[in-house]
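Undergrad: The sequence and its predicted three-dimensional model are supplied below.
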Amino acid sequence: MRILVIQQKRIGDVLTSTIICNNLKTKFPDAVIDYMCYPNSVDVLKENPNIDTIIPLTNKVRKSIPSLFKFIFQIRRKKYDAVIDVYSKLETNLITLFSGAKYKVSYHKWYSNIFYNYSYERFDAIKSEYGLAIENRLLLLKPFISEKITDVKPKIFLKESEITEAKKLLKSYNIDTEKPLIMFGILGSEVYKTYPLDGMAKIIDFTVAKTNATIIFNYIPDQKEQALEVYNYCTEETKKHIVFDLYCTELRPFLALLSQCEMLIGNEGGAVNMAKALEIPTFSIFTPSVRKETWQLFENEAKNASIHLKDLKPEIYEQHTEQYIKEHTFEYYAEYPLPLMLEKLEAYFHEYKN
């Protein structure tokens, strides 16, 4: 059996959809399972033994109709028995339609019957210990797996050589291995997903005071100015604990470095999902406009916790739409009571320590 899984979008989405591959390979160990994604997400899929080939779908292909159809017929020649389209946008609708696959699987939309012969309504509000992002992906396995699925956690696979390089990097910065090493996700993937920088600095100050940890920031070179702003908001005592210039410019070295951390604290997003896939404890701050029911993943485990405005002030979500809240993100970030956030973070430190 040959199976193609398609998941465009951001790294967190791509990583989460690997649970489809993991379970298919368990059910059909001889199957060939390929994964199509954007080029910037390829690195979270590397070394996964449940994925045979990673197929990047580039902007050059997507933005040219002749190139897209050439690509579509390259896919058709692979003779897939099944295509599972987690993304379900026009380009992937067409890839699936012309694939020639017997099983064409995706989520239900008004036009689904044109492209897919198996389509499922996404869960919108069910009680889940995993999170809706997981539950909705498991839906797409229904044509193939009838028994209860228990392998629900995305995983990142690192080579020993990558871990060794991360340890060498830490050693080159004279990191004290006797102290906890905590990574801070100080910046979100977009402006509206970034908790105010002065507030983030206060959270870092609090963390250092409570844990005496060494702190590193997750940022890339073109975000250095914002990272420096966070650093400058911190107290002089906190700055002594921050190794500001220790960061990675590529994703695989970043993953290896993250694997050596005690925990990740910061804005909810791809880095949090990657930490969870590496079994690194997380404390994440949600932007007010992201649905907590979808992405509060694996918080049944004490090592993962988060804070969301809906937990604090649910009445806001009864009065306004998610779009309205997104358009007024920074007004609503001001509704997060910092003392309450620090209280929850302290409880998290205590729970994790025990």
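TA: Yep, that arrived.
Undergrad: How confident was the prediction at R291?
TA: Per-residue pLDDT puts R291 at 82.
Undergrad: same question, F73
TA: In this model, F73 is scored at 95, pLDDT.
Undergrad: In space, what's closest to it - neighbours in sequence excluded?
TA: Excluding its sequence neighbours, the residue lying closest to F73 (Cβ to Cβ, 6 or more residues apart in numbering) is F98, at 7.2 Å. C-beta: built from backbone N, CA, C; applies to glycine.
Undergrad: got it, and E165?
TA: A256 (6.3 Å).
Undergrad: and what of R252?
TA: D43 (5.1 Å).
Undergrad: What is the burial count for the residue nearest to E165?
TA: A256 has 22 neighbours, counted by other Cβ atoms under 10 Å.
Undergrad: Return the one helix or strand G199 maps to as PDB; C-alpha atoms alone will do.
TA: Secondary structure assigned from DSSP states H and E places G199 in helix 197-211. Output of helix 197-211 as PDB, limited to C-alpha atoms (Å, rounded to 0.1, in the frame of the first residue of the first chain):
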ATOM      1  CA  LEU A 197       7.600  42.100  25.700                       C
ATOM      2  CA  ASP A 198       7.700  44.000  29.000                       C
ATOM      3  CA  GLY A 199       5.300  41.500  30.500                       C
ATOM      4  CA  MET A 200       7.400  38.600  29.200                       C
ATOM      5  CA  ALA A 201      10.500  40.100  30.900                       C
ATOM      6  CA  LYS A 202       8.600  40.100  34.300                       C
ATOM      7  CA  ILE A 203       7.800  36.400  33.800                       C
ATOM      8  CA  ILE A 204      11.500  35.800  33.100                       C
ATOM      9  CA  ASP A 205      12.500  37.800  36.300                       C
ATOM     10  CA  PHE A 206      10.000  35.700  38.300                       C
ATOM     11  CA  THR A 207      11.300  32.400  36.800                       C
ATOM     12  CA  VAL A 208      14.900  33.200  37.700                       C
ATOM     13  CA  ALA A 209      13.900  34.200  41.200                       C
ATOM     14  CA  LYS A 210      12.100  31.000  41.800                       C
ATOM     15  CA  THR A 211      14.400  28.500  40.000                       C
END
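Undergrad: what residues does whichever helix or strand comes after it touch?
TA: Per DSSP H and E, the first helix or strand lying C-terminal to helix 197-211 is strand 214-217. Strand 214-217 is contacted from outside by 175-176, 179-184, 186, 204, 207-208, 227, 230-231, 238, 241-244, 246-247, 257, 261, using Cβ atoms under 8 Å, 6 or more residues apart in numbering.
Undergrad: quick one: average pLDDT of strand 214-217?
TA: Average pLDDT, strand 214-217: 97.
Undergrad: Stretch 260-275 too?
TA: Here the average pLDDT along stretch 260-275 is 95.
Undergrad: Buried ones in that stretch, by neighbour count?
TA: Using 16 or more other Cβ atoms under 10 Å as the test for burial, stretch 260-275 gives 260-261, 263-275.
Undergrad: Likewise for stretch 305-323?
TA: By neighbour count on 16+ other Cβ under 10 Å, the buried set for stretch 305-323 is A305, S306, I307, H308, L309, K310, K313, Y317, H320.
Undergrad: quick check, nearest of those residues to F71?
TA: Nearest to F71 among the buried residues of stretch 305-323: S306, at 38.3 Å, using Cβ to Cβ.
Undergrad: Which helix or which strand is home to the closest one?
TA: strand 304-307.
Undergrad: Which of the contacts of strand 214-217 fall in helices?
TA: Using DSSP state H, I204, T207, V208, A227, V230, Y231, T238, L257 are the members of the contacts of strand 214-217 that sit in helices.
Undergrad: Mind giving me the ChimeraX select for the contacts of strand 214-217, buried ones only?
TA: Applying 16+ other Cβ under 10 Å to these leaves a buried subset, and the ChimeraX line that selects it is:
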select :175,180,181,182,183,184,186,204,207,208,227,230,231,238,241,242,246,247,257,261
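Undergrad: Residue ranges of each domain in the protein, please.
TA: Structural domains annotated on the chain: 2-139, 160-353, as defined by automatic domain parsing.
Undergrad: closest to V152 out of the ones you listed?
TA: Using Cβ to Cβ, the nearest of these to V152 is domain 2-139, at 5.3 Å.
Undergrad: and that closest one, how far apart are its ends?
TA: End-to-end distance for domain 2-139, by Cα to Cα, to the nearest Å: 20 Å.
Undergrad: so how far is that domain off the chain centroid?
TA: Relative to its chain's centre, domain 2-139 lies at 17 Å (Cα atoms, centre = their mean, to the nearest Å).
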